[in-house]
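# Pasting the sequence and the predicted coordinates here, then a few questions.
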Amino acid sequence: MPGQSTLSEKEVLNDLLMIEKQMTSSLNTFITEVTCGNLRQNLKNIQQDEYSIHENLYNAMNSKGWYTPSDAPNQEVQKVKNEFNQLQV
């Protein structure tokens, strides 16, 4: 149609990746708050499927150089580890 713009493959994959991040975050919340064991298990199964979809999207984008997160500096990693260890009982 005239006047419509088409999203590039990169834009589509990026949008899908952002949706998957939101889905997994929401599922984490639902799983920790649901009281029905059967529903919790079903949500966990869905969550695993979402993680797989997320991984596939990430791998596709990374292979094309469209999503290349950098490694955290060792000092920052150690700081987070120390903070986590202090929280443990």
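That came in fine, so what should we check first? Since the model is a prediction, treat every value here as computed from it, not as a measurement. Numbers count the residues shown, from 1 in each chain.
# Distance check, Leu7 against Leu16.
Leu7 sits 11 Å away from Leu16 when distances are taken as C-beta to C-beta, to the nearest Å. Glycine gets a C-beta too; all of them are placed from N, C-alpha and C.
# Settle it for me: which of these two has more neighbours?
Leu16 (16 against 10; other C-beta atoms under 10 Å).
# For the longest helix seen in the chain, which residues meet the burial criterion?
When the chain is scanned for its longest helix (criterion: DSSP state H), the result is helix 37-63. Buried positions in helix 37-63, judged by neighbour count with 16 or more other C-beta atoms under 10 Å: Leu43, Gln47, Glu50, Ile53, His54, Leu57, Tyr58, Met61.
# Pull the contacting residues for the second one.
Shown here is Gln47, whose contacts under the criterion C-beta atoms under 8 Å, 6 or more residues apart in numbering are Thr24, Leu27, Asn28, Ile31.
# Over to the third one?
Applying C-beta under 8 Å, 6+ apart, we find Glu50 in contact with Glu20, Met23, Thr24, Leu27.
# Dump the residues you listed to TSV, plus distance to Ser70 and secondary structure.
Below are the contacts of Glu50 laid out as TSV (distance: C-beta to C-beta, whole Å; DSSP: H, G, I helix; E, B strand; the rest coil):
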residue	distance to Ser70	secondary structure
Glu20	21	helix
Met23	25	helix
Thr24	21	helix
Leu27	27	helix
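# Now list the buried members of the contacts of Gln47.
Buried by 16+ other C-beta under 10 Å: Leu27, Ile31, out of the contacts of Gln47.
# Identify, from the contacts of Gln47, the entry nearest to Gln88.
Asn28 (19.9 Å; C-beta to C-beta).
# Name the SS class of that closest one, please.
With DSSP: H, G, I helix; E, B strand; the rest coil as the basis, Asn28 sits in helix.
# ok, the most centrally placed residue in the chain - contacts?
Note on the chain: the residue nearest the mean C-alpha position is Lys21, at 3.5 Å, using C-alpha atoms, centre = their mean. Taking C-beta under 8 Å, 6+ apart as the criterion, Lys21 is in contact with His54.
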